[in-house]
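Student: please find the sequence and the predicted model below.
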Amino acid sequence: MLYPVLHRLERLGHIAARWEVSESGRRRKYYRITRQGRAQLSSQRRQWQLVDATLRTIWAGTSSPMTSGIAPALPGH
């Protein structure tokens, strides 16, 4: 599940990868975030913070029937 995401990020230029041989002799691929990736991360973080703030505002303005002590209205009653 992780590797398709890493390959997509690499294809988009958000990360860069390099192969190295480890001490055990196995080849390993190492990833690092690129300048473009950091910019994308920053943009995504700002978008998420806006969504989070909006939802928190909405939720703060409403109260749950369970916490307010008011039972929810039943259809037809």
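Tutor: Noted; the coordinates are in hand.
Student: make it CA atoms for all contacts and neighbour counts henceforth
Tutor: Noted.
Student: remind me which residues of the protein are low pLDDT?
Tutor: Applying pLDDT under 70 to the chain flags the ranges 63-77.
Student: the strands in it, which residues?
Tutor: Counting by DSSP state E, the chain has strands at residues 15-21, 27-33.
Student: give me the contacts around the last one.
Tutor: Meaning strand 27-33. Strand 27-33 has contacts (C-alpha atoms under 8 Å, 6 or more residues apart in numbering) with His14, Ile15, Ala16, Ala17, Arg18, Trp19, Glu20, Val21, Ser22.
Student: pick out whichever of the residues you listed sits closest to Thr54.
Tutor: Closest approach to Thr54 among these (C-alpha to C-alpha): His14, at 27.8 Å.
Student: against Asp52, how distant is the closest residue to the closest one other than its chain neighbours?
Tutor: Nearest non-adjacent residue to His14, counting by C-alpha to C-alpha, 6 or more residues apart in numbering: Gly37, 3.6 Å away. According to C-alpha to C-alpha, to the nearest Å, Gly37 and Asp52 sit 22 Å apart.
Student: follow-up on the earlier one: hang on, the residue nearest to His14 packs against Ile15?
Tutor: Yes - between Gly37 and Ile15 there is a contact at 6.1 Å, judged by C-alpha atoms under 8 Å.
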